[in-house]
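Q: when you get a sec, could you give me coordinates for this:
(chains A and B)
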2 protein chains.
Amino acid sequence: METISTAKAHGGVQGVYRHASTVTGTDMTFAVYVPPHQDGARLPVLWYLSGLTCTHANVMDKGEYRRACAEAGIVFVAPDTSPRGDGVPDDDAYDFGQGAGFYVDATQDPWATNFRMRSYVEDELPALIAAHFPVDMARQGITGHSMGGHGALTIALRNPDRFRSISAFAPIASPLRCPWGEKALERYLGPDRAAWRAYDACALIEDGARAEEILVDQGQADAFLTEQLKPELLAAACETAGIPLTLRMQPGYDHSYSFVSTFIADHVEWHAARLS
Amino acid sequence: METISTAKAHGGVQGVYRHASTVTGTDMTFAVYVPPHQDGARLPVLWYLSGLTCTHANVMDKGEYRRACAEAGIVFVAPDTSPRGDGVPDDDAYDFGQGAGFYVDATQDPWATNFRMRSYVEDELPALIAAHFPVDMARQGITGHSMGGHGALTIALRNPDRFRSISAFAPIASPLRCPWGEKALERYLGPDRAAWRAYDACALIEDGARAEEILVDQGQADAFLTEQLKPELLAAACETAGIPLTLRMQPGYDHSYSFVSTFIADHVEWHAARLS
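A: The predicted structure is shown next:
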């Protein structure tokens, strides 16, 4: 693992790191904020998965999470959203290919070789984080924004023993039932929609996955609300399954980091209460 | 004045605006955050002047000021750092020309026509802000970062009746005595160093300018500390003149927005206490 940059911020250290991923076959870059802490301490971890077009840098620059993480004593990890590089397949669209990995292990050519973000975020990167940072991997929470909200929900629902706390900002609630999701899952996973269900929070819940509780914030002025995000589908699935969902519709907020940064301190505190 | 974008953030509105500046002869872009407030309220204003290479966007994206401004009820104004555009003179260096206006009214060709950031920030933009935003121009504070810290200090010292509160992040304390300043002032103002003194906080104080008090934060790990920024020169000038300066040397912090964003809430609260 190579350190690209570190800077002191809010008493802790915001770092950017790179490593050669065996899972994706590419170099992968990620950001970690380690709050001020006592020597030898092991801190809870909050994973933040980013949305379409983002790298690790968007939330690092615009997310405004460091003050809250410093106060709560939480390590904040922000992976990239896909493999990248000249030898990696791509697509001209903003919502597919590089920058749009959808947190799946692709099975279709030419994507299957590199686009294995499920295994990367579920397995490879956690092992690296555990080895190199002062973290207590028994206390992990997960959140994300938009495509990353979808990632956070599905990864948490598939790994109920790993994450003590789950939240999302404007998540894609059901990729099986929106244009972004249908396009991506068909091309990454093939036409058999049964194979998509492991990557759809609502389908996972319908198929038996459970969570203790979920927090979701959603802007009411979000331009993607009705066509792509559809929080009502998650609300219905949770209600049927008896999963306590706190869905907060936030008047006037759009889909941008103006929205995420407004509510991220709430989320950090919410995770901290469940991880401390 | 044209609205380029607005987004709700921390209960208020972060906007980006453009207007045709008569002072610079160019379109100028700036950012304004208006916190949540009651209809008809007139709010205090905090000016934030940015550093070398920055536009209005750097602090807007990375500054983390909105939460504090929302809590304090302060309008935050971030101008650009120079005129820009195809017809505007420029220089290949990062520290001169576009993105490096140094808040002076240039007198030398080819800069004198457009590079009039002193008049722009002191006169034209305040009039526009007063006309279009819910502000109380009797309650203004000013701050800035690096070159913008120099701008904040010199503008405040030249206009003691306008600004009730003055602070800076890692300011260029004395452009007459550092490479950034000597290069810029010579090319914008010509070789007569007497003409530079109106753009040097220490020289202004030596020549009789006064301020009620000044707050400065400075990172001790700032790579520009000893060659360019030299806060000890400001400290000496303030001590001789009897100006109360709170100079906080912050261990481990560099020159970046990791530093600014860590302490900006402190500054907003400090200004709010003097403007409310």
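
Q: near chain B, which residues of the stretch 101-250 of chain A?
A: Neighbours of chain B within the stretch 101-250 of chain A, by Cβ under 8 Å from any Cβ of the partner chain: A:219, A:221. C-betas here are computed from N, CA, C, even on glycine.

Q: what about whatever residue of the stretch 101-250 of chain A ends up closest to chain B, how many residues nearby?
A: Closest approach between the stretch 101-250 of chain A and chain B, counting by Cβ to the nearest Cβ: A:A221, at 7.1 Å. The burial count assigned to A:A221 is 14, neighbours taken as other Cβ atoms under 10 Å in any protein chain shown.

Q: for A:R274, same thing?
A: The burial count assigned to A:R274 is 17, neighbours taken as other Cβ under 10 Å.

Q: can you pull the pLDDT of it?
A: pLDDT, A:R274: 98.

Q: can you list the neighbours in contact with the one helix or strand it maps to?
A: Using DSSP states H and E, A:R274 maps to helix A:257-275. Applying Cβ atoms under 8 Å, 6 or more residues apart in numbering or on different chains, the contact partners of helix A:257-275 are A:44, A:46, A:58-59, A:62-65, A:67-69, A:72-74, A:76, A:139-141, A:143, A:145, A:164-165, A:167, A:169-170, A:215, A:217, A:219, A:222, A:250, A:253, B:7-11, B:14, B:64, B:66-67.

Q: what does stretch A:7-17 give?
A: Contact with stretch A:7-17 is made by A:1-6, A:29-37, A:56-57, A:60, A:66-67, A:69-70, A:132, B:219, B:221, B:252-254, B:256, B:258-259, B:261-262, as judged by Cβ under 8 Å, 6+ apart.

Q: can you pull the buried residues of the helix holding A:R274?
A: Using 16 or more other Cβ atoms under 10 Å in any protein chain shown as the test for burial, helix A:257-275 gives A:257-265, A:267-268, A:270-272, A:274-275.

Q: what does stretch A:93-106 give?
A: Quick answer for stretch A:93-106 (16+ other Cβ under 10 Å): A:95-106.

Q: swap in stretch A:34-49?
A: Neighbour-count burial for stretch A:34-49, counted by 16+ other Cβ under 10 Å, picks out A:34-35, A:43-49.

Q: nearest to chain B, of those residues?
A: For those, the closest approach to chain B (Cβ to the nearest Cβ) belongs to A:P35, at 12.0 Å.

Q: and the closest one, what is it in contact with?
A: A:10-12, A:43, A:66, A:69-70, A:72-75.

Q: repeat that for A:T154.
A: Applying Cβ under 8 Å, 6+ apart, we find A:T154 in contact with A:103, A:198-201, A:204.

Q: can you show me the strands along chain A?
A: For chain A, the strands defined by DSSP state E occupy A:2-9, A:12-20, A:27-34, A:43-49, A:75-79, A:135-144, A:163-169, A:214-219, A:245-250.

Q: let's have these in CSV, adding mean pLDDT and distance to B:C238.
A: Converted to CSV, these look like this (pLDDT from 0 to 100; distance: least, Cβ to Cβ, whole Å):
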stretch, mean pLDDT, distance to B:C238
strand A:2-9, 98, 27
strand A:12-20, 98, 32
strand A:27-34, 98, 35
strand A:43-49, 98, 41
strand A:75-79, 98, 39
strand A:135-144, 98, 45
strand A:163-169, 98, 45
strand A:214-219, 98, 46
strand A:245-250, 98, 45
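
Q: quick one: residues contacting the closest residue to A:G99 other than its chain neighbours.
A: Excluding its sequence neighbours, the residue lying closest to A:G99 (Cβ to Cβ, 6 or more residues apart in numbering or on different chains) is A:T53, at 4.9 Å. Contact partners of A:T53, counting by Cβ under 8 Å, 6+ apart, are A:81, A:94, A:99-100.

Q: which two of those have the greatest separation?
A: The most widely separated members of the contacts of A:T53, counting by Cβ to Cβ, are A:T81 and A:Y94 (11.4 Å).

Q: give me the common contacts of the two.
A: A:52-53, A:100.

Q: neighbours of A:L204, just the number please.
A: A:L204 - counted by other Cβ under 10 Å - has 21 other residues nearby.

Q: relative to A:V77, how far out is it?
A: Using Cβ to Cβ, to the nearest Å, A:L204 is found at 22 Å from A:V77.

Q: and A:E206, by the same measure?
A: 29 Å.

Q: more neighbours: which of those two?
A: In this view A:E206 and A:V77 are compared by other Cβ under 10 Å, and A:V77 has more residues nearby, 24 against 14.

Q: quick one, what contacts the more buried one?
A: Taking Cβ under 8 Å, 6+ apart, we find A:V77 in contact with A:30-32, A:45-48, A:125, A:129.
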